[in-house]
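Engineer: below are the sequence and a predicted model; questions follow.
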Amino acid sequence: MKVRLKFYVEYKIGIIIIIIIIIIIIIIIFIYLQYVSIQSYIQTHEATIVMFIFREIPLGFDVTALYNDLKSRSAKYGGYYSFLTPVFVPVDLDLIKKILISNSDCFIDRVSYVDEQNDPLSVNLLHAHGETWKRFRAKISPSFSNSKIKTFLPIMMTKSRDLIRLIEETVNKSEPLNVKEVLDRYTIDVIGLYTCATDFGALKYKDSEIKHQLSEFFNTSVINSLIRFLITAPKILKYFKIMTLTKKVTKFFMTLVNEIIKNQSQNESRGTAVLDILVKAESSSREKFTRSEIVSYSTLQHFFSETIRKYPLATITTRECTKTFHVPDSNIILEKGAHVYIPIRGIHWDPEYFPNPEKFNPERFSKEHISERHPCMWFPFGLGPRRCVGKSRNICS
Ligand code: HEM
């Protein structure tokens, strides 16, 4: 009996050692391949290479670091390998303009992972590729037109009053207030009403299901961060059928959207009825802006613009090369499939463009300063055909 047990324990230890050796061999091969590919990239592309295998800083901030490094050497571009995919990082503003605007047909996709079958929520406007994206964008753009803002503002005003009431109640009870949590709930209600004509009641009910599911959606656990990082290697995600969101979250949102569509088709007027009621309620109390209000509004805009210069929501934006592109004045050819990372934060914090970049200075956005600015010096909403679809609404609100 004792002999059999000993044999069993030794057998198990043996298996574990073999697994560890296999893992070590895989890691060595991976690092070697990275090294070899990086070497060939240096030779063929004369680009600066930074190795990001073991990341200590979030994606976006490492691209900022690369941008600063390239800028200090007056380079117009640089690059590195993410897994085995070459990543091109343009630094020169005219080159960025070419990629995002003038030659946007060569970079119509964003680096993203789409798997309609296994991960249905991955097929969205932000991630969609090629013709699917074009179709989505054409359908959704009218809902974000300036005229639609007229229906958006009343929703915001109504929900803002609920928000103020909630804040006052909490303060009157001398209870602590989690500002971010309350604003999250406010945003859920405003977006729910605008996009789905549905009041999710997130402000009213502290622990609403939608709020819970959305926190899962934006979950930043180690596993989730790793999966998000793997988006830069979509083939791996697809091969292992890894979902970017959990099955539970996917099921929740698929069911929610289906129910909303079903309800709206059963009662055709409902979708616009909610908006209509809000618009009517507000339009009677709407006043004309006074001169001082207009002045304070433009000051507010300067504050807003400076805030998203310093803290851009997207520290980088990405493009995937969809057609061969020759980088002007160089021997670099970006082949179909190459990734391009545009360093938004790096540029927003570049002292050449924004002296004392760490200083919060809304004056940078006064009329005279804006007029002489290159379009790629401040672009928190991205640029070109894939720029943020919510841009006009953001500016307005
Ligand atoms: C301050 C708020 C916001 C900022 C700073 C922001 C920023 C951005 C950026 C940088 C991009 C990538 C653009 C590019 O690659 O050129 C983007 C894309 C996008 N944004 Fe926003 N965004 C904001 C709010 C919103 C809102 C409120 C909505 C919707 C209601 C929205 C919907 C989208 C969509 C759908 C895309 C993908 C567009 C496409 O690929 O066609 N964003 N946003």
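Structural biologist: Perfect, thanks for sending it.
Engineer: how close does the residue of the chain found nearest the ligand get to residue 181?
Structural biologist: Nearest residue of the chain to the ligand: residue 382, at 1.9 Å (C-beta to the nearest ligand atom). Just so you know, the C-beta spots here come from the backbone N, C-alpha and C atoms, and that holds for glycine as well. Here the criterion is C-beta to C-beta, to the nearest Å. By it, residue 382 lies 28 Å from residue 181.
Engineer: those two: who's more crowded?
Structural biologist: residue 382 (20 against 12; other C-beta atoms under 10 Å).
Engineer: show me what the residue nearest to the more buried one when sequence neighbours are not counted bridges to in the sheet.
Structural biologist: Take residue 382 and drop its neighbours on the chain: the residue closest to it by C-beta to C-beta, 6 or more residues apart in numbering is residue 317, 4.8 Å away. Beta bridges link residue 317 to residue 342, judged by DSSP bridges.
Engineer: which pLDDT value goes with residue 317?
Structural biologist: For residue 317, the pLDDT comes out at 95.
Engineer: for it, what are its contacts?
Structural biologist: 110, 341, 342, 344, 382, 386 (C-beta atoms under 8 Å, 6 or more residues apart in numbering).
Engineer: can you tell me the element residue 62 falls in?
Structural biologist: Element membership for residue 62, per DSSP states H and E: helix 61-72.
Engineer: tell me which parts of this structure are close to the ligand?
Structural biologist: Within the chain, the residues that sit near the ligand (C-beta under 6 Å from any ligand atom) are 110, 125-126, 137, 308, 313-314, 317, 380-384, 386-390, 393-394.
Engineer: could you redo the last one with a cut-off of 5 Å?
Structural biologist: Counting by C-beta under 5 Å from any ligand atom, the chain comes close to the ligand at 125-126, 137, 313-314, 317, 380-382, 386-390, 394.
Engineer: picking up where we left off before, helix or strand right after the helix holding residue 62?
Structural biologist: Note on helix 61-72: by DSSP H and E, the next helix or strand toward the C-terminus is strand 77-82.
Engineer: now for that next one, which elements pack on it?
Structural biologist: With contacts taken as 3 or more C-beta pairs under 8 Å, 6 or more residues apart in numbering; DSSP states H and E, strand 77-82 sits against helix 2-45, helix 61-72, strand 85-90.
Engineer: mind telling me which of those the model trusts least?
Structural biologist: Lowest mean pLDDT within these: helix 2-45, a mean of 68.
Engineer: on that earlier part again, which of the residues of the chain next to the ligand ranks first by neighbour count?
Structural biologist: Neighbour max across the residues of the chain next to the ligand (other C-beta under 10 Å) = residue 317, 24 neighbours.
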